[in-house]
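[1] Take this sequence and fold it.
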Amino acid sequence: MQAGGGGAAAVTVVDHPLVQHKLTMMRDRDRSTKGFRELLNEIGMLLAYEVTRDLPLEAISIETPLQRMEGRQIAGKKLVLAPILRAGVGFLDGMLSLMPSARVAHIGLYRDPDTLQAVEYYFKSPSDLADRTVLVLDPMLATANSAVAAVERLKSRGAKDLRFVCLLAAPEGIARFQEAHPDVPVWTAAIDSHLNDHGYIVPGLGDAGDRMYGTR
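    Next up, the predicted model:
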């Protein structure tokens, strides 16, 4: 399902039954840390199918055990997966299992608890981002401050073809992200009701990083 307007890139809600089933399991406050991590990994794999659906293909000639044929493979350079630390790493293993040759960029950002603004503490990426499709990964698009900062940083390194992938989004976060980066489409498993006074998505699933790693 897609939504968007005003010249902004589309927001795609991945409403596949398996995604929605696993998301409901993750929302359960009694889900164990182990179970939460496993589900996030699995949903990351499922979202990867959707966000890469339109990658360009090229024809190649191969030899099967029976005869020569023309097949298709992904054209151009391999993708870059760019998780926003910490929680974005939860998507990484599932996506790498499907795209093992992908490059990985790491973007270290944390949200200041008082201002809710993103503070960068680490950044490392391939040097040729301009030639690759970059998938920016973060389970939550809440205030969107981290997402906006991450995409700005990647663009400053030359990235042109970017896609943002999250588990949950708030309407406020979508609006903020599209205002800052109208050229970057968003894929999410759900758009929730709103943000609370602390910048958390409601009904949401709590702090994804804390639930992944058992911290508070």
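
[2] doesn't residue 40 make contact with residue 90?
    Yes. Counting by C-beta atoms under 8 Å, residue 90 touches residue 40, with 4.0 Å between them. Using the backbone N, CA and C atoms, a C-beta is placed for each residue, glycine as well.

[3] In what element of secondary structure is residue 23 found?
    Taking DSSP states H and E as the definition, one finds residue 23 inside helix 17-27.

[4] now residue 84, what's its secondary structure?
    Secondary structure assignment for residue 84 (DSSP: H, G, I helix; E, B strand; the rest coil): strand.

[5] Between the two ends of stretch 107-122, how far is it?
    Using C-alpha to C-alpha, to the nearest Å, the end-to-end distance of stretch 107-122 comes out at 6 Å.

[6] hmm, who's touching it?
    82-85, 88, 106, 123, 125, 136, 143, 145-146, 148-150, 153-154, 199 (C-beta atoms under 8 Å, 6 or more residues apart in numbering).

[7] cutoff 6 Å now
    Under the criterion C-beta atoms under 6 Å, 6 or more residues apart in numbering, residues 82, 84-85, 123, 143, 145-146, 149-150, 199 lie in contact with stretch 107-122.

[8] average pLDDT across that stretch?
    Stretch 107-122 shows a mean pLDDT of 80.

[9] Now that stretch: buried residues?
    Under the neighbour-count criterion of 16 or more other C-beta atoms under 10 Å, stretch 107-122 has 107, 109, 111, 118 buried.

[10] Any idea how far that stretch is from the middle of the chain?
    The chain centre lies 18 Å from the centre of stretch 107-122; the measure is C-alpha atoms, centre = their mean, to the nearest Å.

[11] contacting residues around the residue positioned nearest the centre of the chain?
    Most central in the chain under C-alpha atoms, centre = their mean is residue 165, positioned 2.4 Å from the mean C-alpha point. Contacts for residue 165 (C-beta under 6 Å, 6+ apart) come out as 47, 51, 135, 137, 187.

[12] and what of residue 8?
    By C-beta under 6 Å, 6+ apart, the contact list for residue 8 reads 178, 182.

[13] let's go with 10 Å and repeat that
    174-175, 177-179, 181-186 (C-beta atoms under 10 Å, 6 or more residues apart in numbering).

[14] Poorly predicted segments of the chain, please.
    1-7 (pLDDT under 70).

[15] for the longest helix seen in it, packing partners?
    Counting by DSSP state H, the longest helix found in the chain is helix 33-51. Packing partners of helix 33-51 (3 or more C-beta pairs under 10 Å, 6 or more residues apart in numbering; DSSP states H and E): strand 11-13, helix 17-27, strand 80-85, helix 92-98, strand 133-137, strand 161-165, strand 186-188, helix 208-213.

[16] Closest to residue 206 out of the contacts of residue 8?
    residue 174 (19.9 Å; C-beta to C-beta).

[17] how much space is there between that closest one and residue 111?
    For residue 174, the distance to residue 111 (C-beta to C-beta, to the nearest Å) stands at 17 Å.

[18] Equivalent analysis for residue 37, please.
    According to C-beta to C-beta, residue 37 stands 21 Å off from residue 111.

[19] Over to residue 211?
    16 Å.

[20] Contact partners for residue 61?
    68-71.
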